[in-house]
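Student: predicted model, plus sequence, below.
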Amino acid sequence: QSLCRGVSCVLPLKREGRIERIIYLIPLIATVSAAVVQDLRDWRIPNRLIAIGLMQGMIISAWMHGFGQGLLVSVSGSVIPVLILYVLFLMRALGAGDIKLFAVAGTFVGTDVVRVMIYSFLAGGVISLFFLLKEFLLSITNRKGLPEKKFDRRVMKKRVHFSVAIMCGVMCYVMICIWG
């Protein structure tokens, strides 16, 4: 038995069923949603929210997988994003809050956090393409009254709320897990 049918979720569970799967993932969705709201409002994800998410993930994993296995799943899932994405943080390509948000997702989904990360980076690419297309169309119509030289510099200085892409990645994972 696994949390999800098919190839997306590979973790064996002590308890299996549609209700358990939904209950298992609702706190993850709520925590990531709250993080997106905070990030959009303040350009930061509070450590208090991250701590609450980490605790929720560990408790729910311990309940779903048994105490020892659940904590092992949670810890491994929260360490993987930190190890993989630390280089992006050093390059200032990804914020610490985004990496911690991936760690929160990892406490819920274990090593499947790699899938969440892949879905999130794909979503981030799509979001970036839409952003660049919008900026390009605005520059063609010159609605912002900017000379051509300033377009490239201004676009490069824009920051992106990657928490939105993380939310998209989490939702893709959830949809595959529940209905996959």
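Tutor: Received the coordinates, thanks.

Student: from what I can see C177 touches I22, true?
Tutor: No - C177 lies out of contact with I22 (C-beta atoms under 8 Å); the separation is 9.5 Å. Bear in mind the C-beta positions are built from the backbone N, C-alpha and C, glycine included.

Student: more neighbours: the two, which one.
Tutor: A direct count of neighbours by other C-beta atoms under 10 Å for C177 and I22 places C177 higher, at 22 against 13.

Student: now N47, nearest residue through space, not along the chain?
Tutor: Nearest in space to N47, with sequence neighbours left out and distances taken as C-beta to C-beta, 6 or more residues apart in numbering, is K100 at 7.6 Å.

Student: A93: what's it in contact with?
Tutor: Listed by C-beta atoms under 8 Å, 6 or more residues apart in numbering, the contact set of A93 is empty.

Student: tell me which helix or strand it sits in.
Tutor: A93 is part of no helix or strand when elements are defined by DSSP states H and E.

Student: check what pLDDT it gets.
Tutor: Looking at A93, its pLDDT is 88.

Student: same check, this time on G57
Tutor: G57 is assigned 95 on the pLDDT scale.
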